[in-house]
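Undergrad: Here is a sequence together with a model predicted from it:
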Amino acid sequence: MGIEKYLTAYSIALQQVLQRRASLLMDRVGGIAVIVSLYYFWKALLGQKSEFLGYSGEQMLSYVLAMNLLRAFVFTGRGWELVGDISSGRIASYLVRPISYHGYSLALDMAQKTVHLFAALLEIGVLILLVQAPVYQPAEPATWPLFAVAVLLSSLIFFFLEFTVSSMAFWTSESGGPLFCFELFLQFAAGTFFPLDVLPKSLQAALSLTPFPYMVFFPINIYLERVPLAQAAQIIGMQCLWLALFAAMSVWVWRVGLQSYSAEGG
Amino acid sequence: MGLAGGAPELFGGGRLRYFWIWARLGSMSLQSQLTYPLGSLGFFIGKLIRLFFFFAFVIAIFQHTETLAGYTLVETALFFLTFNVVDIVAQIFFRGIYSARRVVTDGDFDFYLIQPCSPLFRMVLSYLDFLDIAIIIPVLAMIGLVFARLPQGLGWERYVLYILLTANGVGIGLAIHVFVAGLAVRTQELENTIWIYRDMMFMGKFPADIYGPAARAALTFVVPIAVMTTFPAKALLGLLSPAWTLYSFALCGALMGSALWYWRDCVRHYTSSSS
């Protein structure tokens, strides 16, 4: 019992996203520009080389295409809407409903992610056809489910992490700035613009102690089979730990925030 | 004076009056940004992160390779920093366009039309982004460092041409912003149009030579990001022919003329959209 209402919220949100087709299209057009740019950048760098930073040409260009996929599925979120809901007081109307705001938000989030995921797949398909991009095909069948699980966990980690940061709006009306800063840092530190192997070893080691590489860099490395299956399982285990930590943190911050929240008027 | 405003009002006899209006609007922008110190600090740090991460990325890449599409590290850095100058200057001055749709749908545009000031001026230049003014300082400092590492004896003419073509790039950016303002007036939507421009500008971070022939042609003739960001650096390096230089300036003039015509046409057909 109870799950139906979230499925209904998901269904309605899905229809709303698809209803605003022009906005969706424009969102995606912008994303394509970034991916085309990075694709050609790496292609130019590879030139006649057979490998770069330990990536074969096929792996490197597949990394760029996979980035588009993960950017669409992992980094599509409702952080700004949450900030707006809290700052404007709209959140009050959700608090009196018999739903969990976390669950409701996740349903809406997943609706957006679903649409953006399919759009990203379509874009990658078009790009592969247009520029004859080589695509890395995993040799091990087990890689596919491992990659799928890793991507799903990344998406959930991002959801709770963004939820936690956006909940700052309970204490300040200026949480937009920190959220902007957080999202930009996250994208770089996760490997959304370039593989983290580019960075100096010391910086790579420092980043591996944070949840960020587990959101894009490691999942793509699982897909590209640059990590053995055992290590892939270890990465997924670490993702589960980060997910548990941030889920607990977001629930705690939410509860504390609600205690300091007050709403007036109707 | 036509309601549409545009060139005569913007560039005609009332220039000093417009300067004072702009200064007042800039002062109001500063006050509004200082009202939200934490938010502004977050945006500022975010912009710095974006700038330095990309710059560090370019430098890190060159630890593993000698050239990118035939360009050295210093030359690639010049392309990247020139992109930043054009992009940031447009952000500093033309930030007002981001609220164009709201201005139209809230009915504020009706007030713009009855004020003794060009509505186009209000629409595009009404907000001055002081965070970007702070961001451009390190960019200019880095350009100074890149200049010092370029081969000696390039000649002052090339530096002058670089500055002119960079300004030309900002001019093309202005024309695009005017088009977007016209779209906002005509359609009351397409709020994402300016974001498409921002995302497309991402392609200007690297020299246009890295792209395939079709993409390069599109960036030169359709969405002229290469003209805005790659051409100035190429001119400084002595890689831009006089024909392409002329094309850059002619394109800016043509785009500005078309944008102003489109803007006037949009305002002429405007029937007020607020309640």
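TA: Alright, I've got the coordinates.

Undergrad: and the next element down the chain from the helix or strand hosting A:Ala119?
TA: Assigned by DSSP states H and E, A:Ala119 falls within helix A:101-131. Per DSSP H and E, the first helix or strand lying C-terminal to helix A:101-131 is helix A:143-166.

Undergrad: what's the distance between A:Ala133 and chain B?
TA: 11 Å (Cβ to the nearest Cβ, to the nearest Å). In this view, the C-beta of every residue, glycine as well, is placed from N, C-alpha and C.

Undergrad: Measure how buried B:Phe52 is and give me the count.
TA: If you count neighbours by other Cβ atoms under 10 Å in any protein chain shown, B:Phe52 ends up with 13.

Undergrad: How much space separates the residue most central in space within chain A from chain B?
TA: Geometric centre of chain A, nearest residue: A:Val74, 1.7 Å, by Cα atoms, centre = their mean. According to Cβ to the nearest Cβ, A:Val74 and chain B sit 18 Å apart.

Undergrad: For that residue, give me the pLDDT.
TA: At A:Val74, the model reports a pLDDT of 93.

Undergrad: One more: the one 3 residues further on?
TA: Per-residue confidence at A:Gly77 stands at 86 (pLDDT).

Undergrad: Quick check on it: phi, psi?
TA: Taking degrees, to the nearest 10, you get phi -140, psi 180 for the backbone angles of A:Gly77.

Undergrad: for the closest residue in space to it that isn't next to it in sequence, what are its contacts?
TA: In this structure, A:Gly77 finds its nearest non-sequential neighbour in A:Glu162, 4.7 Å apart by Cβ to Cβ, 6 or more residues apart in numbering or on different chains. For A:Glu162, the contacting residues are A:77-79, A:179, A:182-183, by Cβ atoms under 8 Å, 6 or more residues apart in numbering or on different chains.

Undergrad: switch to 10 Å and redo it
TA: Taking Cβ atoms under 10 Å, 6 or more residues apart in numbering or on different chains as the criterion, A:Glu162 is in contact with A:75, A:77-80, A:82, A:105, A:109, A:179, A:182-183, A:186, A:246, A:250.

Undergrad: Helices along the chain, start to end?
TA: By default, I'm working from chain A. For chain A, the helices defined by DSSP state H cover A:3-19, A:21-46, A:57-74, A:79-88, A:91-95, A:101-131, A:143-166, A:176-190, A:201-207, A:217-223, A:229-260.

Undergrad: that's the wrong chain, I wanted chain B
TA: B:7-11, B:15-35, B:37-61, B:73-94, B:100-105, B:108-114, B:119-125, B:130-149, B:156-187, B:193-201, B:213-217, B:225-236, B:242-268.

Undergrad: how about those, which one is nearest A:Arg28?
TA: helix B:193-201 (9.9 Å; Cβ to Cβ).

Undergrad: Now the closest one: average pLDDT?
TA: 83.

Undergrad: Quickly check: it near chain A or not.
TA: Yes. Using Cβ under 10 Å from any Cβ of the partner chain, helix B:193-201 comes into contact with chain A via B:193-201.

Undergrad: between that helix and helix B:225-236, what angle do the directions make?
TA: On the basis of axes from the mean of the first three to the mean of the last three Cα atoms, to 10 degrees, helix B:193-201 is oriented at 40 degrees to helix B:225-236.

Undergrad: list the contacts for A:Val83?
TA: Contacts of A:Val83 (Cβ under 10 Å, 6+ apart): A:165-169, A:173-176, A:178-179.

Undergrad: related to what we said a few turns ago, list the buried ones in the helix holding A:Ala119?
TA: By neighbour count on 16 or more other Cβ atoms under 10 Å in any protein chain shown, the buried set for helix A:101-131 is A:101, A:104-117, A:119-120, A:123-124, A:127, A:131.

Undergrad: Next, count neighbours for the residue in the stretch 1-150 of chain A positioned nearest to chain B.
TA: Of all residues in the stretch 1-150 of chain A, A:Gly30 sits closest to chain B, at 3.0 Å by Cβ to the nearest Cβ. By the criterion of other Cβ under 10 Å, A:Gly30 has 18 neighbours.

Undergrad: And for the closest residue to chain A within the stretch 101-250 of chain B, the neighbour number?
TA: Chain A sits closest to B:Asp199 of the stretch 101-250 of chain B, with a gap of 3.0 Å, by Cβ to the nearest Cβ. Residues within reach of B:Asp199, counting by other Cβ under 10 Å, total 20.

Undergrad: Leaving out chain neighbours, which residue sits closest to it?
TA: A:Gly30 (3.0 Å).

Undergrad: Am I right that that neighbour is in contact with B:Phe202?
TA: Yes. With contact defined as Cβ atoms under 10 Å, A:Gly30 counts as touching B:Phe202 (8.3 Å).

Undergrad: before we move on, the earlier item: quick one: the residue of the stretch 1-150 of chain A closest to chain B from B:Gly171, how far?
TA: To B:Gly171, A:Gly30 is 23 Å away according to Cβ to Cβ, to the nearest Å.

Undergrad: and if you look at A:Leu156?
TA: Taking Cβ to Cβ, one finds A:Leu156 at 47 Å from B:Gly171.

Undergrad: One more: A:Val216?
TA: Counting by Cβ to Cβ - A:Val216 and B:Gly171 are separated by 38 Å.

Undergrad: Looking at those two, which is more packed in?
TA: A:Val216 (30 against 20).

Undergrad: List the residues that contact the residue nearest to that one when sequence neighbours are not counted.
TA: Spatially, and ignoring its direct neighbours in sequence, A:Val216 is nearest to A:Ala190 (4.1 Å; Cβ to Cβ, 6+ apart). Shown in contact with A:Ala190 (Cβ under 10 Å, 6+ apart): A:67, A:70-71, A:74-75, A:154, A:157-158, A:196, A:207, A:210-219.

Undergrad: for B:Glu75, same thing?
TA: B:67-69, B:146, B:149-150, B:207, B:233-234, B:236-237, B:239 are the contacts of B:Glu75 under Cβ under 10 Å, 6+ apart.

Undergrad: And A:Asp27, by the same measure?
TA: A:Asp27 neighbours (Cβ under 10 Å, 6+ apart): A:20, A:72, A:76, A:112, A:115-116, A:119, B:192, B:195-196, B:199.

Undergrad: so what's B:Leu3 scoring on pLDDT?
TA: Confidence score, pLDDT, at B:Leu3: 42.

Undergrad: Identify the residue nearest residue 44 in space, chain neighbours excluded?
TA: Unless you meant another one, I'm taking chain A. Per Cβ to Cβ, 6+ apart, closest to A:Ala44 is B:Ile210, 3.8 Å.

Undergrad: that's the other chain; I wanted chain B
TA: B:Phe44 sits nearest to B:Leu131 (Cβ to Cβ, 6+ apart), 4.8 Å away.
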